[in-house]
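Trainee: Got a sequence here, can you model it:
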Amino acid sequence: MNYERIKNIQKKHSKFILPIKSGMFLEIHENVWEWDTKRIWKFRGLVIRVKKPNHFDGTFTIRGEVARMTIEKIYPLSFPNFEKVILLDNYKIRRSKLYYIRDKVGKDARFESLVKTETKGIDLLDGLRQVKEDTKVEKNNEQKVVEEKTKNEEDTVKVFVENKEKVEESFNDSVEEVIEEKVEEIVEKKIGDNAQEKVENQEVNDADVESEELWEE
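Mentor: Presented below is the predicted three-dimensional model:
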């Protein structure tokens, strides 16, 4: 089984895993729906087995009495219909599976308690709800950080585009100025060359005229 996928689903939907162990004596408040009516069903019993603890597909078996009848119920560790899971006692055990308790009665079915009086009656879901709230707050903070980072990136891109446009405008202006200067230089050079050529031609013509006059004389 792909546990990483299950963990991602749990993280996405904020599921929880109950920290239940064998030997715990619990009072479970389960939400039960009868048509459109919701009520809470209470059940007390001893946890005699935990299958796949700390896994999202794990289960636990609890043994108790209902209407003077002993029954065993199997619940998922991530069951969403629990209203409360109250820890009444936690017994010292040597086995992970307490199936042998089915044949014990009276003093043989007693265990040594490990829970102090002031710690009895705590709701195991309170800590999980607090973790869930902390996770929700952390997720909101991460979302805010991502949004702020995205906004900063958008501002950076906007500034870059504006600066790029300004640089392109200044570059175009500089290119136009250089072209105009080059054109002026070429025109001035051309005019100067034409004037020099005219002067040279005039000097040649004058020399020819003088030569003809001297020849006639």
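
Trainee: V47 is in contact with M24, correct?
Mentor: Yes. Contact status for M24 versus V47: in contact at 4.6 Å, counting by CB atoms under 8 Å. All C-beta spots, glycine's among them, are computed from the backbone N, C-alpha and C.

Trainee: Please say which of those two ends up with more neighbours.
Mentor: M24 (25 against 22; other CB atoms under 10 Å).

Trainee: So for the more buried one, what pLDDT did the model give?
Mentor: What the model reports as pLDDT for M24 is 91.

Trainee: Give me the neighbour count for V85.
Mentor: V85, neighbours per other CB under 10 Å, totals 22.

Trainee: and what of the one 10 residues further on?
Mentor: By the other CB under 10 Å criterion, the neighbourhood of R95 contains 12 residues.

Trainee: Wait, it touches R49, no?
Mentor: No. Proximity of R95 to R49 does not meet the contact threshold set by CB under 8 Å, at 9.8 Å.

Trainee: residues shared between the contacts of these two?
Mentor: Counting by CB atoms under 8 Å, 6 or more residues apart in numbering, the contacts common to R95 and R49 are S22.

Trainee: Skipping adjacent residues, who's closest to K97 in space?
Mentor: Distance criterion CB to CB, 6 or more residues apart in numbering; nearest residue to K97, sequence neighbours excluded, is R49 at 5.0 Å.

Trainee: likewise I62?
Mentor: Nearest one to I62, counting by CB to CB, 6+ apart, is G45 at 4.1 Å.

Trainee: And the one you found, what's its pLDDT?
Mentor: Looking at G45, the pLDDT reads 92.

Trainee: Pull the number of nearby residues for it.
Mentor: The local packing of G45 (other CB under 10 Å) involves 21 other residues.

Trainee: hey, which helix or strand in the protein has the poorest pLDDT?
Mentor: Ranked by mean pLDDT, DSSP states H and E, the weakest helix or strand in the chain is helix 3-13, scoring a mean of 64.

Trainee: Surely K84 and L125 touch.
Mentor: Yes. Taking contacts as CB under 8 Å, K84 lies within contact range of L125: 6.2 Å.

Trainee: Let me know the average pLDDT across stretch 55-70.
Mentor: Mean predicted lDDT for stretch 55-70 stands at 89.

Trainee: go on, stretch 188-197?
Mentor: Mean pLDDT, computed over stretch 188-197, is 68.

Trainee: Any buried residues in stretch 48-57, and which?
Mentor: Neighbour-count burial for stretch 48-57, with 16 or more other CB atoms under 10 Å as criterion, is recorded at 48-50, 53, 56.

Trainee: before we move on, the earlier item: the residue nearest to K97: which element?
Mentor: strand 37-51 (DSSP states H and E).

Trainee: Give me the sheet partners of that strand and which way each runs.
Mentor: Sheet pairing of strand 37-51 (DSSP bridges) gives strand 24-34 (antiparallel), strand 59-66 (antiparallel).

Trainee: Format those strands as a markdown table; extra columns: distance to N163.
Mentor: As requested, those are exported to a markdown table (distance: least, CB to CB, whole Å):
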| stretch | distance to N163 |
| --- | --- |
| strand 24-34 | 60 |
| strand 59-66 | 62 |
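
Trainee: Of all those, which one is nearest L18?
Mentor: strand 59-66 (7.6 Å; CB to CB).

Trainee: Show which residues not belonging to the closest one make contact with it.
Mentor: Contacts for strand 59-66 (CB under 8 Å, 6+ apart): 18, 20, 26, 28, 43-52, 70-77, 101-102.
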